[in-house]
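Participant: any chance you could fold what I've pasted below:
(2 chains)
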Number of protein chains: 2
Amino acid sequence: MRVLLGSGGFGNEERRAFFRSEMRSFFGDDVKRILFIPYALHDHQAYLEALHKRGFDAGYELIGIDACADPVQAVEEAEAIFVGGGNTFRLTHDLQRFGLIEPIKRRVGQGMPYMGASAGTNVACPTMQTTNDMPIVMPQSFETLGLIPFQINSHYYHGQVWVREGDEFIEHFGETRAERIAEYHEMNSLKVLGLHEGTFLLREKDQYELLGGDASLFCAGCPEELLHPGSDLAAVLTA
Amino acid sequence: MRVLLGSGGFGNEERRAFFRSEMRSFFGDDVKRILFIPYALHDHQAYLEALHKRGFDAGYELIGIDACADPVQAVEEAEAIFVGGGNTFRLTHDLQRFGLIEPIKRRVGQGMPYMGASAGTNVACPTMQTTNDMPIVMPQSFETLGLIPFQINSHYYHGQVWVREGDEFIEHFGETRAERIAEYHEMNSLKVLGLHEGTFLLREKDQYELLGGDASLFCAGCPEELLHPGSDLAAVLTA
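Facilitator: Next up, the predicted model:
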């Protein structure tokens, strides 16, 4: 099982360069064409063009799944798959609608490398329930690919957020991410890894590694635990 | 139809005083007991106690719906209703599970005053689809009370948010609220009123008024329009 999951937040050149280098090192030189799933955004063609323009293809040929006559067959025949970010409800809705959940699970289980960014990371979890996105469409269920046995919260940050008005920063009183994850744990039991922006989680067989940034681990009734690249991630997997 | 919808963000004493004064002016002196619905939070009893302690009862007797043998009957007999904040998925799930959607709609349609805060504001809309909350539980559907004919995004703010690390503010790259609402409009057509924190929307019959702060109006394909207390809100209602 080979899975590379990015938090999102690759919003400056330094982070984009890191994204490209991790993408290359993950897919390697043998992979030539990567099946790209753009369902999280509304305009699939514009999404593909933007990825190429901003270098998020890392030099690979990205095949948009819309260009394939049969999306299930496209998954069955893909060398590798990359699922992009946007709205996780829309992405989940379309993966379910086109019958892609089981084929992707099966192919990744057989060794096809899977890369996700933001929403594409959320759907790699057992459920999409730790997304930050707006419920713009109702999926058949919240169950998703389950390529890892715990949840990820993408774009994770500590504490309150602030809104800028001119030169002034004003505190925003909405729930923090830690509070939202605590609400998740009031009704669900899976551990949640809050991936800080610009960070990747790499899974190779049963080994997990943080790349490029930190993550905060949450479980029901435990204190938040800060993890760094090089941290032992075995704790993520223990009950 | 009398509806008072607060955005949330009543996080300092000035805003709490405003909350209390609007709550008193809305319910008036004839109302004595208000049915309180705490379903958005996990611990209902602690929620009720915290409301009293922080003065969010505005001097009224709040009757927690858990203290009533039959929640539907409690709605049928209530003088007035107040639906508190927390997680909107959990609130919607429980309102549907206990069969309260239709009774609340009918009673409010007959003149029972309804006050909502944050999640309690979201469920007053035709759907809960413009919530900011995490999908910690799957409701039967996203349809909610429809006490107003448009959507509200609570805790609305302009632009990016920033995260504070020590004395430094670091830009966060997650989607802005305006981007999330644009995603909503890619798949849905109702107008969305982004209520800034500390602001109320008052509905009296077919008149709407902003109290205490601004709101940003969004419709599919229109530019964002900033509204102030005193602004003509007729535009919210036009197709």
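
Participant: show me what contacts residue A:16?
Facilitator: Going by CB atoms under 8 Å, 6 or more residues apart in numbering or on different chains, residue A:16 touches A:10, A:54-56. Placement of C-beta: from N, CA and C, glycine included.

Participant: quick one: which two of those residues are the most distant?
Facilitator: A:10 and A:55 (10.2 Å; CB to CB).

Participant: okay, these two: which has more neighbours?
Facilitator: Shown here are residue A:10 and residue A:55; by other CB atoms under 10 Å in any protein chain shown, residue A:10 has more neighbours (24 against 14).

Participant: does the more buried one count as helix, strand or coil?
Facilitator: Of the three states, residue A:10 takes coil under DSSP: H, G, I helix; E, B strand; the rest coil.

Participant: skipping its backbone neighbours, what lies nearest it in space?
Facilitator: Once flanking residues are discounted, residue A:10 sits nearest to residue A:19: 4.7 Å by CB to CB, 6 or more residues apart in numbering or on different chains.

Participant: distance of the one you found relative to chain B?
Facilitator: Plainly put, residue A:19 is 12 Å away from chain B if you go by CB to the nearest CB, to the nearest Å.

Participant: equivalent analysis for residue A:156, please.
Facilitator: Residue A:156 is 10 Å from chain B, where distance means CB to the nearest CB.

Participant: before we move on, what about residue A:133?
Facilitator: Using CB to the nearest CB, residue A:133 is found at 7 Å from chain B.

Participant: in what helix or strand does that residue lie?
Facilitator: Under the criterion DSSP states H and E, no helix or strand holds residue A:133.

Participant: so it sits against residue A:119, correct?
Facilitator: Yes - with contact defined as CB atoms under 8 Å, residue A:133 and residue A:119 form a contacting pair (6.9 Å).

Participant: report the set of residues contacting both of the two.
Facilitator: Counting by CB under 8 Å, 6+ apart, the shared contacts of residue A:133 and residue A:119 are A:87-88.

Participant: I'd like the contacts of residue A:16 as JSON lines, with secondary structure appended.
Facilitator: Below are those laid out as JSON lines (three-state DSSP):
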{"residue": "A:10", "secondary structure": "coil"}
{"residue": "A:54", "secondary structure": "coil"}
{"residue": "A:55", "secondary structure": "coil"}
{"residue": "A:56", "secondary structure": "coil"}
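
Participant: of those, which is the nearest to chain B?
Facilitator: residue A:10 (7.6 Å; CB to the nearest CB).

Participant: residue contacts, the closest one?
Facilitator: Contact analysis of residue A:10 by CB under 8 Å, 6+ apart lists A:16, A:18-19, A:56, A:117, A:197-198, B:173.

Participant: look up how far residue A:85 lies from it.
Facilitator: 9 Å (CB to CB, to the nearest Å).

Participant: quick check: neighbours shared by these two?
Facilitator: Contacts common to residue A:10 and residue A:85, judged by CB under 8 Å, 6+ apart, are residue A:117.

Participant: tell me the centre residue of chain A?
Facilitator: Nearest to the mean C-alpha position of chain A, counting by CA atoms, centre = their mean, stands residue A:121 at 1.4 Å.

Participant: thought residue A:125 was touching residue A:146?
Facilitator: Yes - in this structure residue A:125 lies within contact range of residue A:146 using CB under 8 Å: 7.1 Å.

Participant: of the two, who's got more company?
Facilitator: Neighbours per residue (other CB under 10 Å) separate residue A:125 from residue A:146, with residue A:125 holding more: 28 against 15.

Participant: identify the farthest-apart pair in the contacts of residue A:10.
Facilitator: With distances taken as CB to CB, the most widely separated pair in those is A:56 and A:197, at 15.3 Å.

Participant: so these two - more neighbours on which side?
Facilitator: Neighbour count, other CB under 10 Å: between residue A:56 and residue A:197, residue A:197 has more, with 24 against 19.

Participant: quick one, what contacts the more buried one?
Facilitator: Contacts of residue A:197 by CB under 8 Å, 6+ apart are A:7-11, A:15, A:155-157, A:213, B:172-174.

Participant: again, but for residue A:120
Facilitator: Counting by CB under 8 Å, 6+ apart, residue A:120 makes contact with A:5-6, A:37, A:40, A:82-85, A:91.

Participant: next one: residue A:62
Facilitator: Contacts for residue A:62 were tallied using CB under 8 Å, 6+ apart; they are A:33-34, A:36, A:48, A:51-52, A:82.

Participant: for it, phi and psi?
Facilitator: Reported as degrees, to the nearest 10, the phi and psi values for residue A:62 are phi -100, psi 130.

Participant: so it versus chain B, what's the distance?
Facilitator: 22 Å.

Participant: again, but for residue A:172
Facilitator: For residue A:172, the distance to chain B (CB to the nearest CB) stands at 6 Å.

Participant: kindly report the same for residue A:104.
Facilitator: 21 Å.

Participant: ok, that residue - contacts?
Facilitator: By CB under 8 Å, 6+ apart, the residues touching residue A:104 are A:75, A:81, A:95, A:114, A:145.

Participant: now name the helix or strand holding it.
Facilitator: helix A:101-109.

Participant: moving C-terminal of that helix, what's the next helix or strand?
Facilitator: Counting by DSSP H and E, what follows helix A:101-109 is strand A:114-117.

Participant: who touches that following strand?
Facilitator: A:2-6, A:8, A:10, A:19, A:23, A:26-27, A:34, A:80-85, A:104, A:108, A:122-124, A:147.

Participant: each with direction, which strands does that strand pair with?
Facilitator: strand A:2-6 (parallel), strand A:81-83 (parallel) (DSSP bridges).

Participant: which of these sits most buried?
Facilitator: Among the strands paired with strand A:114-117, strand A:81-83 has the highest mean neighbour count (mean count of other CB atoms under 10 Å in any protein chain shown), at a mean of 26.

Participant: from the chain's centre, how far out does that one sit?
Facilitator: 10 Å (CA atoms, centre = their mean, to the nearest Å).

Participant: swap in stretch A:191-208?
Facilitator: Put simply, stretch A:191-208 sits 9 Å off its chain's centre (CA atoms, centre = their mean).

Participant: now the terminal residues of it, how far apart.
Facilitator: Stretch A:191-208 has an end-to-end distance of 14 Å (criterion: CA to CA, to the nearest Å).

Participant: what does stretch A:224-231 give?
Facilitator: With CA to CA as the measure, stretch A:224-231 spans 15 Å from end to end.

Participant: what mean pLDDT does it have?
Facilitator: Throughout stretch A:224-231, pLDDT has a mean value of 92.

Participant: report the buried residues of that stretch.
Facilitator: A:227, A:231 (16 or more other CB atoms under 10 Å in any protein chain shown).

Participant: run through who's touching it.
Facilitator: A:178, A:193, A:209-218, A:233, A:235.
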